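Chemist: Everything below, folded, please.
(one chain, ligands or ions: 2)
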Amino acid sequence: MNAKTEIQLAADTAAQSTQGMEADDRADAIEHAMASALERVAVKSAIYTSGEEDPTAPRAPLSKPGRVMLMEEDPRLRKMPEKPTLADFFQYRFRTAKQHLMQSAALAKKNGCDEKVILACLLHDISVVGFIQADHGYWGAQLVEPYVDEEIAWAIRYHQALRFFPDESVGYDYPEAYVKYFGPDFRPSEIMQQAHDYARSHKWYMTARQITLNDIYSFDPTVLIELDEFTDIIGRNFRQPKEGLGNDHSPSAHMWRTIIAPTRFL
Ligand SMILES: [Fe+2]
Ligand SMILES: [Fe+2]
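Modeler: Residues are numbered from 1 along each chain as shown. Ligands and ions are numbered 1, 2, ... in the order given. Predicted coordinates:
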């Protein structure tokens, strides 16, 4: 991206995220964002470009004359509050596919599932919408593990494997969507088979299985669910750190910080 585009993007983003502010403050914020974009070089981590670029190929130097490396939030992203909550991540960082999470949770609620399952459904794909797609069940579980009941994190971790395997006893079939996504000849990896076998005989199997049962029918573009519908359930079941997610030194705080500022140099 050339510098002009980067600056324009920063200005547009700042204009969007400062709507409703006093005109002077808003002008200052936009100017600050543009200046930051000009002065600092944002970096894409190896994993963000791997596949599009061969990570072992020689690379042009990242630094640019007269510019320092970005070491804070990317001015092109929407500014997050100082002490961000889970709801702030939904609002400022998660992709629009977050609607799938809210629809899954709404379905679980309608089906009379208990709060643990509803929260697990609300969080089950947060890695897909906000962090890393591959092995999303495991990344998602790690993100939330310090803040939720152990059973919820366990269920999020194993829903990834269980999605590939039918269970007729509860009416779960291999998803039609997976035939479309992966083709009729796709077979889950050995490691997913092993994870499934382990989860199948675990005492929390049905909690993870409930995620897959409420997951499968919840892609509806005509329904719009608001996160507010789950404020009470989040309040009772997600231990929001008072310092804000990312600032609390939990085992996954660094992952939340990376979502806040994914293009920091270090
Ligand atoms: Fe998933
Ligand atoms: Fe899902």
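Chemist: CA atoms for contacts and neighbours, from now on please.
Modeler: Fine.
Chemist: Could you pull up the contacting residues of the nearest residue to Ser17 once chain neighbours are set aside?
Modeler: Distances taken as CA to CA, 6 or more residues apart in numbering place Arg78 nearest to Ser17, at 5.8 Å, with adjacent residues excluded. Arg78 makes contact with 13-14, 16-17, 92-93 under the criterion CA atoms under 8 Å, 6 or more residues apart in numbering.
Chemist: So Arg78 versus Lys44, what's the distance?
Modeler: 17 Å (CA to CA, to the nearest Å).
Chemist: For my notes, confirm the residue nearest to Ser17 occurs in a helix.
Modeler: No. Assigned with DSSP: H, G, I helix; E, B strand; the rest coil, Arg78 falls outside any helix and is coil.
Chemist: ok, it to Ala33 distance?
Modeler: To Ala33, Arg78 is 10 Å away according to CA to CA.
Chemist: what sits in contact with each of these two?
Modeler: Residues touching both Arg78 and Ala33 (CA under 8 Å, 6+ apart): Ala14.
Chemist: which stretches of the stretch 151-266 of the chain form strands?
Modeler: Counting by DSSP state E, counting those that start in this stretch, the stretch 151-266 of the chain forms no strands at all.
Chemist: quick one: the helices in it?
Modeler: Assigned by DSSP state H, counting those that start in this stretch, the stretch 151-266 of the chain shows helices spanning 176-182, 190-200, 205-215, 231-237, 253-260.
Chemist: which of those sits most buried?
Modeler: Highest mean neighbour count among the helices of the stretch 151-266 of the chain (mean count of other CA atoms under 10 Å): helix 205-215, with a mean of 23.
Chemist: and that helix, what other elements does it pack with?
Modeler: With contacts taken as 3 or more CA pairs under 8 Å, 6 or more residues apart in numbering; DSSP states H and E, helix 205-215 sits against helix 98-110, helix 115-123, helix 150-162.
Chemist: tell me the mean pLDDT over the shortest one?
Modeler: The one in question is helix 115-123. Average pLDDT, helix 115-123: 98.
Chemist: Repeat that for the first one.
Modeler: Across helix 98-110, pLDDT averages out at 95.
Chemist: contact partners of it?
Modeler: With CA under 8 Å, 6+ apart as the test, helix 98-110 has contacts from 90, 117-126, 129, 214-215, 217-220, 223-227.
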